[in-house]
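A.B. asks: Quick one, what's the 3D model for this:
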Amino acid sequence: MTSVRLTNALREQIAKNALAKSGVITAIESLDLKRQEVARDARIAAFGGKEKADKVDKQYEKLEKLEAELRSAGASLHISGNPQSSINIAISGRRLGWCSYGRTSEGKEIFLVTPNRDLCLFGAEHEITKRFDSIIDEEQKLNSRKKEIEATVWAALKSVTTLSRLVEVWPESKELIPENVDSAKAALPALKVEDLNRLIGLPTESVEG
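C.D. replies: Here you go, the predicted model:
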């Protein structure tokens with residue numbers, strides 16, 4: 001069997017596949033969606049509730065329509081301003097900065113009429129603060145797990161120079177090798193790296209079982 005050299009590019013792809021296999025990337029993406037949802041809810045809270053926020057949106061629609069009518073009549077003006085794609089939030093005295101409203105199902109950025117930053121101050125006991133704190137805590141855990149996986153996987157990848165040797169010392173890594181690389185698929189296992197497998201979730205059969 002001709003051995004394939006373990007290049008840095010190939011190592012990076014295997015490390016990327018390991019992160020995807022572990023589920024940590026999906027979890028981070030899911031958390032991003034939650035953060036965006038809270039940002040949209042924070043906007044509503046800053047306006048004083050859903051009813052008031054809806055009223056603001058309707059008034060803005062009227063303003064846009066009025067501006068369009070004036071422009072079509074030949075007026076040169078710009079009065080409606082620009083909705084924003086994020087909101088500047090502070091929770092419990094901590095400024096989070098600009099928090100994105102997210103994207104639509106078509107992948108387009110969501111733009112909304114956004115309250116003044118002075119209205120976006122939420123105390124320690126506010127629901128918005130608690131929700132953001134929960135997300136921040138979870139983000140820290142996920143980022144810590146991501147770094148642990150990356151460090152452990154890269155340590156294994158840097159310890160060998162060929163794919164065949166990688167599969168010898170870490171048999172379950174065959175699941176992480178890109179589909180277009182098959183020379184290491186038939187390598188015989190020699191050593192089981194249980195801690196690393198458990199961290200990532202390999203092999204798939206044992207996880208599903």
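A.B. asks: alpha carbons only for contacts and neighbour counts from here, please
C.D. replies: Fine.
A.B. asks: lowest confidence element among the helices and strands of the chain?
C.D. replies: In the chain, no helix or strand scores lower on mean pLDDT, DSSP states H and E than helix 204-208, which sits at a mean of 62.
A.B. asks: all helices for this structure, in order.
C.D. replies: 8-22, 24-47, 50-72, 127-158, 163-169, 194-200, 204-208 (DSSP state H).
A.B. asks: Nearest to Ala90, out of the ones you listed?
C.D. replies: Proximity to Ala90 (C-alpha to C-alpha) singles out helix 127-158 among those, at 8.5 Å.
A.B. asks: What helices and strands are in contact with the closest one?
C.D. replies: For helix 127-158, the packing partners by 3 or more C-alpha pairs under 8 Å, 6 or more residues apart in numbering; DSSP states H and E come out as helix 8-22, helix 24-47, helix 194-200.
A.B. asks: Show me what counts as buried in the second one.
C.D. replies: Neighbour-count burial for helix 24-47, with 16 or more other C-alpha atoms under 10 Å as criterion, is recorded at 24-25, 28, 31-36, 38-47.
A.B. asks: Could you list the low-pLDDT ranges of the chain?
C.D. replies: 1-3, 80, 182-195, 205-209 (pLDDT under 70).
A.B. asks: how does it look with 80?
C.D. replies: 1-4, 77-81, 180-200, 202-209 (pLDDT under 80).
A.B. asks: What backbone torsions are found at Gly102?
C.D. replies: phi 100, psi -160 (degrees, to the nearest 10).
A.B. asks: any idea how far it lies from Leu96?
C.D. replies: Distance from Gly102 to Leu96, counting by C-alpha to C-alpha, to the nearest Å: 16 Å.
A.B. asks: When the two are compared, which one has more neighbours?
C.D. replies: Neighbour count, other C-alpha atoms under 10 Å: between Gly102 and Leu96, Gly102 has more, with 21 against 12.
A.B. asks: List the residues that contact the closest residue to the more buried one other than its chain neighbours.
C.D. replies: Nearest residue to Gly102, sequence neighbours excluded (C-alpha to C-alpha, 6 or more residues apart in numbering): Gln36, at 5.3 Å. Residues counted as contacts of Gln36 (C-alpha atoms under 8 Å, 6 or more residues apart in numbering) are 99-102.
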